[in-house]
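Engineer: Quick one, what's the 3D model for this:
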Amino acid sequence: MLGCFRSVIRGGGVLQLKWGPCRLLSSSGAVERVRLRFAPSPTGFMHIGGLRTALYNYMYAKKHQGTFILRIEDTDRARCADGAVDDIERMLTWAGLHPDEGPTAGGNCGPYQQSERLHHYNTHINILLDLGAAYRCFCSEERLGMLRRNAARTGEYRGYDNRCRKLSHSEQRSRVENGQTFVVRFKLSADVVAFSDAIFGVTHHDVATSEGDPVLVKSDGFPTYHFANVVDDHLMGVTHVMRGTEWLTSTVKHIMLYNAFDWSQPVFAHLPLLMNKDGSKLSKRQGDITAQFYKERGYLPEAILNWLTFCGSGFEDNTKIRTLSGMVANFDLDRVSSHSAVLDCDKLNNTNKEHLKMIYETPQGRAEVLTQLRDLLLAEHGQTLASQFDDEYLKRALDYRIGHISLLSELLCHPYTFLWLEQSNPSHHAMALVSEQYSEVIGRVLNELMNISASEFSPESVSARLRKLTQKFGVVTFRQLMGLLRLALTGSKSGPPVNELMMILGRERTIERLQTVTSQVT
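Structural biologist: All right, here's what the predicted structure looks like:
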């Protein structure tokens with residue numbers, strides 16, 4: 001157990017035990033500077049808000065050469081979902097937020113799942129009971145339900161009425177010996193505790209007046225969040241607690257627990273609330289706010305992390321495209337906003353586009369993106385069709401369109417389906433609307449293209465020849481010619497610039513498609 005009794009003090013005839021963490025040493029023997037934890041509950045797929053919390057803890061830890069810990073808070077057994085722990089670790093790995101300590105990484109402060117740390121909670125709840133800072137409550141569910149109903153009727157909710165506070169130690173022991181079911185509650189102090197949050201500033205909540213004494217240990221022997229997270233943060237040497245703003249009002253109770261143990265409290269920093277564009281709060285019931293949702297749609301992990309930094313900031317320039325290492329280097333906790341942040345998916349699309357371009361600029365990145373495109377093509381159209389396109393063809397598609405797509409999968413959708421599938425020939429009516437002499441015009445274009453060697457087939461060369469053709473022929477304008485060629489090659493009136501799509505298709509495919517159109521227009 002990473003902890004020890006620091007001192008024994010006799011005050012008022014009562015033995016008071018002060019519990020403190022052992023000094024956490026690095027391999028060099030130096031005390032670790034900062035230790036932060038990401039402590040999710042495994043209730044389902046990782047929420048995008050949870051990923052943001054992990055990111056901000058990771059950035060601060062790495063910015064200060066500290067330790068990033070993953071701790072699984074699974075004491076609410078009824079809400080734990082099968083496979084959720086694996087999903088959390090898988091998503092962190094995918095995002096590049098690798099824990100230094102955790103269930104898989106290991107470490108000196110384990111176990112890192114709270115369901116495996118019950119002996120720690122038992123030890124510490126007994127300390128609070130001995131100090132008189134906690135007491136056993138024997139109120140039945142029926143009585144607690146009656147209190148809730150009365151509160152609902154009167155509109156004056158105060159929580160539990162602290163009835164069992166009055167029970168003496170001997171009476172509590174007697175009831176326990178008689179087999180009565182109980183929970184352990186914490187005696188809230190009547191004093192209003194103020195604390196300075198690193199993001200929200202000086203904060204205070206009169207929890208003793210507005211709430212009843214909170215439960216620390218449930219009747220099944222498992223601790224509540226309020227108790228377990230305080231004990232674990234202390235024993236694991238956590239120096240900074242960075243979490244969502246929904247825990248801001250509960251922090252006073254946590255500080256009271258630190259004071260009851262006579263422990264030094266960590267720095268608290270509560271991240272701003274994430275909102276939908278319509279101003280509503282993000283909910284776990286929304287299917288589109290899990291990290292898995294964005295991964296499955298092809299968003300890049302660094303792009304998602306970069307996008308999440310726009311929701312709360314922490315940077316001098318809050319709109320800059322950054323790699324994860326750049327986020328760490330430039331992160332400043334003092335710049336995190338306390339205002340609610342809107343999760344804008346339009347910004348994610350643009351951010352992903354910029355990250356895709358950035359990756360494609362490196363030789364390794366180009367190879368990875370090309371492989372991903374081939375995998376997508378194979379999944380969408382099967383081996384027979386995918387095998388018709390070599391890597392050079394895929395590379396041309398990426399070279400010309402990488403700066404125009406937000407997701408790689410867009411290259412398989414309209415207006416890019418012409419790249420992979422033979423399009424239906426445009427009707428005579430559609431072509432004639434552009435020029436009634438379309439057949440003769442395309443025939444002349446074919447002659448020009450067949451007189452261009454493969455080595456000369458470039459956007460500049462093709463464009464120059466076609467401009468000269470329109471000037472010499474005089475039947476269509478250059479703009480009309482581009483419209484005809486787009487219809488003939490793609491079957492659509494919109495899409496990439498014609499000279500670019502011809503370069504992607506290549507000389508042979510371009511000629512083949514134009515020949516097909518001139519012979520088969522309906």
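
Engineer: show me where pLDDT drops low in this structure?
Structural biologist: Counting by pLDDT under 70, the chain contains low-confidence residues at 1-32, 157, 283-288, 520-522.

Engineer: So which residues of it form strands?
Structural biologist: Secondary structure of the chain (DSSP state E): strands at 4-11, 14-20, 35-38, 67-70, 134-137, 183-186, 194-197, 201-204, 215-217, 240-244, 267-271, 274-275, 341-342.

Engineer: so what's residue 374 closest to, chain neighbours aside?
Structural biologist: Computed as C-beta to C-beta, 6 or more residues apart in numbering, the closest residue to residue 374 that is not its neighbour in sequence is residue 394, at 6.2 Å. Where C-beta positions appear, they are placed from N, C-alpha and C, glycine not excepted.

Engineer: OK, contacts around that neighbour?
Structural biologist: 370, 373-374, 377 (C-beta atoms under 8 Å, 6 or more residues apart in numbering).

Engineer: Among these, name the buried ones.
Structural biologist: The neighbour count (16 or more other C-beta atoms under 10 Å) marks 370, 373, 377 as buried among the contacts of residue 394.

Engineer: if we can go back for a sec, and the contacts of residue 394, which is closest to residue 276?
Structural biologist: Distance to residue 276 across these (C-beta to C-beta) is lowest for residue 373, with 32.2 Å.

Engineer: Residue 487 and residue 196, how far apart?
Structural biologist: 67 Å (C-beta to C-beta, to the nearest Å).

Engineer: returning to what we had before: export the contacts of residue 394 as JSON lines, with columns for distance to residue 435.
Structural biologist: Shown next, in JSON lines, are these (distance: C-beta to C-beta, whole Å):
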{"residue": "370", "distance to residue 435": "38"}
{"residue": "373", "distance to residue 435": "36"}
{"residue": "374", "distance to residue 435": "38"}
{"residue": "377", "distance to residue 435": "35"}
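
Engineer: Select from those every entry located in helices.
Structural biologist: Among the contacts of residue 394, the ones falling in helices (DSSP state H) are 370, 373-374, 377.

Engineer: Now flag whichever of those residues is closest to residue 171.
Structural biologist: residue 373 (72.8 Å).

Engineer: follow-up on the earlier one: more crowded one of residue 487 and residue 196?
Structural biologist: Using other C-beta atoms under 10 Å as the criterion, residue 487 and residue 196 rank with residue 487 on top: 23 against 10.

Engineer: so how far is residue 426 from that one?
Structural biologist: Distance from residue 487 to residue 426, by C-beta to C-beta: 5 Å.

Engineer: Kindly report the same for residue 342.
Structural biologist: 44 Å.

Engineer: neighbour-wise, which of those two wins?
Structural biologist: residue 426 (24 against 14).

Engineer: Residue 489 versus the more buried one, what's the distance?
Structural biologist: Distance of residue 426 to residue 489, given as C-beta to C-beta: 10 Å.

Engineer: all helices for the stretch 401-522 of the chain, in order.
Structural biologist: When assigned using DSSP state H, counting those that start in this stretch, the helices of the stretch 401-522 of the chain occupy the ranges 428-434, 438-450, 459-473, 478-490, 498-520.

Engineer: swap in the stretch 51-200 of the chain?
Structural biologist: 84-95, 118-131, 141-154, 169-177.

Engineer: Which among these is found nearest to residue 390?
Structural biologist: helix 84-95 (29.9 Å).

Engineer: Which neighbouring elements make contact with that closest one?
Structural biologist: Helix 84-95 sits against helix 48-63, strand 67-70, helix 291-296, helix 301-309, with contacts defined as 3 or more C-beta pairs under 8 Å, 6 or more residues apart in numbering; DSSP states H and E.
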